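Colleague: Compute the structure for the input listed below.
(chains A, B, C and D)
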2 protein chains.
Amino acid sequence: MSDRISDKRTLRTKRMIRDALTALMEEKGFEGITVRDLTTKADINRGTFYIHYRDKYDLLEQSEQEIFKELEEIVKTVSELEPKDVVNNSYQNEPISFIVRLFEYFQENSSFLKVVLGPKGDPSFQVKLKEFIKKSFLQHLVIKINQEEVLVPLEYLMAYVSSAHLGVIQHWLENDMEKSPREMAMFLAKTTFLGPAYVAGLK
Amino acid sequence: MSDRISDKRTLRTKRMIRDALTALMEEKGFEGITVRDLTTKADINRGTFYIHYRDKYDLLEQSEQEIFKELEEIVKTVSELEPKDVVNNSYQNEPISFIVRLFEYFQENSSFLKVVLGPKGDPSFQVKLKEFIKKSFLQHLVIKINQEEVLVPLEYLMAYVSSAHLGVIQHWLENDMEKSPREMAMFLAKTTFLGPAYVAGLK
DNA sequence: ATGGAATTAGACACAATGTTGATGAACATT
DNA sequence: AATGTTCATCAACATTGTGTCTAATTCCAT
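Modeller: Numbering: from 1, shown residues only, chains lettered A, B, ... in the order given. The predicted model follows:
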């Protein structure tokens, strides 16, 4: 009795369905896709699809969850983030290393992420990604903030910064990742820690 | 021969369809809605729907366009925006007046905007709203920037700031607009012109 | 009050959905 | 190599939503 999910045939079928999903999302966006489209492209029987997924929304969700599982893996290695160091690094053109690693991962999965984060994509994925950014990045810093010196509601500040980060990732994917992961990480650190107005040259 | 669009029956029908759209989007998200749902809720014949709209996507688009038409009206009155003044205002707790006006408008249309900008909404509307923010707000400032003092690609900076603004609007709507439009405008000005790290108390 | 419109009810063909049952192919195990 | 199990295939089915149309009716503007 080996794992039922590790059957070679099953893995092959699932991989082909997921590849078809990415390809079709590029063509016509998620909502334009039918189950028949998927199974035709994947070259499998339509009935087979329903063995593995409840419907196309289930397929999308499982694919998204896999992304987050891998993102968590990357972030897991991050132990500490010192606010002081981060600000200093921003002056010294030194990006935050695990952010570089995240951009590399985005690049590896760009075809899927580009559509799912694009105008025909899934808005709930954006929400989840913002949550992930808050959890993995901002909370490390927020707990070290001197509460008395905070000028604004932290909750809104987190919404501001996490959205900004998401938007930059989207813009980067939309523009075919012409800048390097390192440049992107550097840009985010600079803009967040020195401020948008400062990096724009306004004093 | 008066306008065919000003017939009382037509106006009534369209209004009822749009109200049904907002209500149903709250219930099950845009994609879960069928034309039959809409016409049942609006209490009109299904055939009537197709007289006014090609399909449910056409209905959504027309509703969105109306929002932007009114947003343009609000912004039209803005003549000049001096970067120096804006930065000074940020120190003096003085928000940008037309941003306050925009938040008031969001509040007036919150039920529709909340869903359309929410996790079950329309990601292309987010893209359009970011474009609107760039056009109406950032470009006024960007053209006055001393190009030599800019430390980062402007294109990415605009993506950063416009996304941040959008995200704050979303968070505000999601949290039932507990802060006033003036507080929101002030928060955005402070965070953008003094910087996220500064307002968080990091020096 | 009347002509012109918007709306209605009902029917139509079509496409996609999700399910089912019989059959054959691939798999792991011994 | 034989066996029992699991997976995929194929075809058929009922159901639901779509978009279009026609004839009858109701409502509006003048």
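
Colleague: So which residue is dead centre in chain A?
Modeller: For chain A, the residue nearest the mean C-alpha position is residue A:129 (5.5 Å; CA atoms, centre = their mean).

Colleague: Correct me if wrong: that one contacts residue A:168.
Modeller: No: when contacts are counted by CB atoms under 8 Å, residue A:129 is not listed as touching residue A:168 (12.0 Å). The way it works is simple: take the backbone N, C-alpha and C, and place the C-beta from them, glycine included.

Colleague: neighbours of the closest residue to residue A:67 other than its chain neighbours, just the number please.
Modeller: Spatial nearest neighbour of residue A:67, excluding adjacent residues (CB to CB, 6 or more residues apart in numbering or on different chains): residue A:109 at 6.6 Å. Neighbours of residue A:109 under the rule other CB atoms under 10 Å in any protein chain shown: 17.

Colleague: From chain B, how far off is residue A:109?
Modeller: 18 Å (CB to the nearest CB, to the nearest Å).

Colleague: Show me what counts as buried in stretch A:106-124.
Modeller: For stretch A:106-124, the buried set under the neighbour-count rule, 16 or more other CB atoms under 10 Å in any protein chain shown, comprises A:106, A:109, A:112-118, A:120-124.

Colleague: Please see if the one helix or strand residue A:66 maps to touches DNA strand D.
Modeller: Taking DSSP states H and E as the definition, one finds residue A:66 inside helix A:56-76. No: Helix A:56-76 does not reach DNA strand D (CB under 7 Å from any atom of the strand); its nearest approach is 13.9 Å.

Colleague: Residues contacting that helix, please?
Modeller: Helix A:56-76 is contacted from outside by A:17-18, A:21, A:30, A:33-35, A:38, A:53, A:98, A:101-102, A:105, A:109, A:112-113, A:116, A:122, A:125, A:128, A:132, A:136, using CB atoms under 8 Å, 6 or more residues apart in numbering or on different chains.

Colleague: Could you turn the buried ones of those residues into a PyMOL selection?
Modeller: Listed next is the PyMOL selection for buried residues among the contacts of helix A:56-76, using 16+ other CB under 10 Å:
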select buried, chain A and resi 17+18+21+30+33+38+53+98+101+102+105+109+112+113+116+122+125+128+132+136
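
Colleague: Keep only those of the contacts of helix A:56-76 that are in strands.
Modeller: Per DSSP state E, strands hold no members of these.

Colleague: Return the distance of the residue nearest to residue A:169 when sequence neighbours are not counted relative to chain B.
Modeller: In this structure, residue A:169 finds its nearest non-sequential neighbour in residue A:106, 6.4 Å apart by CB to CB, 6+ apart. According to CB to the nearest CB, residue A:106 and chain B sit 15 Å apart.

Colleague: likewise residue A:161?
Modeller: From residue A:161 to chain B the distance is 5 Å (CB to the nearest CB).

Colleague: cool, and residue A:43?
Modeller: 27 Å.

Colleague: my guess is that residue contacts residue A:13, does it?
Modeller: No: using CB under 8 Å, residue A:43 makes no contact with residue A:13, being 9.9 Å away.

Colleague: Of the two, which one has the most company?
Modeller: Set residue A:43 next to residue A:13 and count neighbours by other CB under 10 Å: residue A:13 wins out with 20 against 9.
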